[in-house]
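*Asks:* The following block contains a protein sequence and its predicted model.
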Amino acid sequence: MKIKNTAIPLFFDDLNKKGNSSTKERKQVLQKLLQCIPKDKIEDFTADREFVGEEWFNFLENNLSFTIRVKKDDMHVIALRQNLKKGINRVCDNLWLVYRPAAGQYKEDMYLLTNHNPEEAVQRYKKRWKIEELFGFMKTRGFNLEDTHLTEVEKLETLGYLVSIACLCCLEEGLKITVRFIKKVNSPVKSILRRGLDYLSKLLFHSGNSVNINSS
């Protein structure tokens with residue numbers, strides 16, 4: 001979920017194994033989400049190349065609007081290979097494959113499978129990077145989850161939910177703090193989450209004293 005261009009965790013499962021999740025495991029997490037948030041309130045489900053498969057796509061088509069990057073050897077790409085054009089390629093009535101060849105800063109061909117508004121698919125997919133920023137904040141550049149070395153599933157899940165709540169607290173406080181931008185790239189010196197975490201950290205370590213903080 002994104003709030004003010006910042007990703008926030010909602011649901012997750014500890015798989016207690018190495019490698020990617022299975023289709024069954026992904027469906028279970030999404031079904032939890034759909035019990036709390038109506039599907040017509042979800043603008044788009046975005047995922048990377050590891051999250052593919054015919055059963056998975058069939059599940060998504062019946063439940064959500066989605067934009068998923070697929071590999072060049074995916075069945076949908078292969079089916080259109082001889083007639084594949086740059087831009088929008090119709091797969092069937094409500095499914096499109098968007099193809100963007102490698103060029104400039106983009107080193108690889110990009111294939112996006114979507115079931116809605118294909119002309120906006122590339123821009124939707126770009127927003128997925130905020131998820132990677134969130135993972136970095138949770139694991140190494142904020143809460144440092146990887147330093148806990150926990151292995152018990154129940155403890156990891158509890159910690160995950162606590163960190164999710166903490167992320168929301170950081171977001172709430174970070175939005176109150178004045179933002180300074182790096183002029184050359186027009187981006188903030190610190191993310192909303194980082195600003196919020198810095199503020200809350202200083203507040204906790206200076207309990208009883210007033211705290212001043214800025215985005216520098």
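*Replies:* Good, I have the coordinates. Numbers count the residues shown, from 1 in each chain.
*Asks:* Which residues does the longest helix out of those in the chain contact?
*Replies:* In the chain, with assignment by DSSP state H, the single longest helix is helix 153-174. Here helix 153-174 makes contact (Cβ atoms under 8 Å, 6 or more residues apart in numbering) with 3-4, 6, 8-10, 12-14, 16, 134, 137-138, 142-143, 145, 148, 150, 191-197, 199-200. Any C-beta I mention is one placed from the backbone N, CA and C, and that applies to glycine too.
*Asks:* Could you tell me what pLDDT the model assigned to the most centrally placed residue in the chain?
*Replies:* Nearest to the mean C-alpha position of the chain, by Cα atoms, centre = their mean, lies Ile131 at 3.0 Å. pLDDT recorded at Ile131 is 82.
*Asks:* any idea how far Lys72 is from it?
*Replies:* 23 Å (Cβ to Cβ, to the nearest Å).
*Asks:* What of Glu120?
*Replies:* Applying Cβ to Cβ, the value for Glu120 to Lys72 is 22 Å.
*Asks:* now swap in Ala102 and tell me
*Replies:* In terms of Cβ to Cβ, Ala102 sits 11 Å off from Lys72.
*Asks:* Give the residues shared as contacts by those two.
*Replies:* Asp109.
*Asks:* ok, back up a step: close enough to count as contact, the residue nearest to the centre of the chain and Pro9?
*Replies:* No: if you go by Cβ atoms under 8 Å, Ile131 and Pro9 don't touch, sitting 9.1 Å apart.
*Asks:* Tell me how the chain divides into domains.
*Replies:* 1-42+128-216, 47-124 (automatic domain parsing).
*Asks:* between the ones you listed, which gets the lowest average pLDDT?
*Replies:* domain 1-42+128-216 (a mean of 78).
*Asks:* Near the residue nearest to Glu173 when sequence neighbours are not counted, how many residues? Count them for me, please.
*Replies:* Distance criterion Cβ to Cβ, 6 or more residues apart in numbering; nearest residue to Glu173, sequence neighbours excluded, is Gly196 at 3.9 Å. If you count neighbours by other Cβ atoms under 10 Å, Gly196 ends up with 26.
*Asks:* Which of the three states applies to Gly196?
*Replies:* helix (DSSP: H, G, I helix; E, B strand; the rest coil).
*Asks:* hang on, it packs against Ile177?
*Replies:* Yes: between Gly196 and Ile177 there is a contact at 7.4 Å, judged by Cβ under 8 Å.
*Asks:* how about the helices in this structure?
*Replies:* Going by DSSP H, the chain shows helices at 23-36, 54-63, 75-80, 121-126, 129-139, 153-174, 192-205.
*Asks:* so which of those helices gets nearest Val98?
*Replies:* Closest to Val98 of those, according to Cβ to Cβ: helix 121-126, at 4.4 Å.
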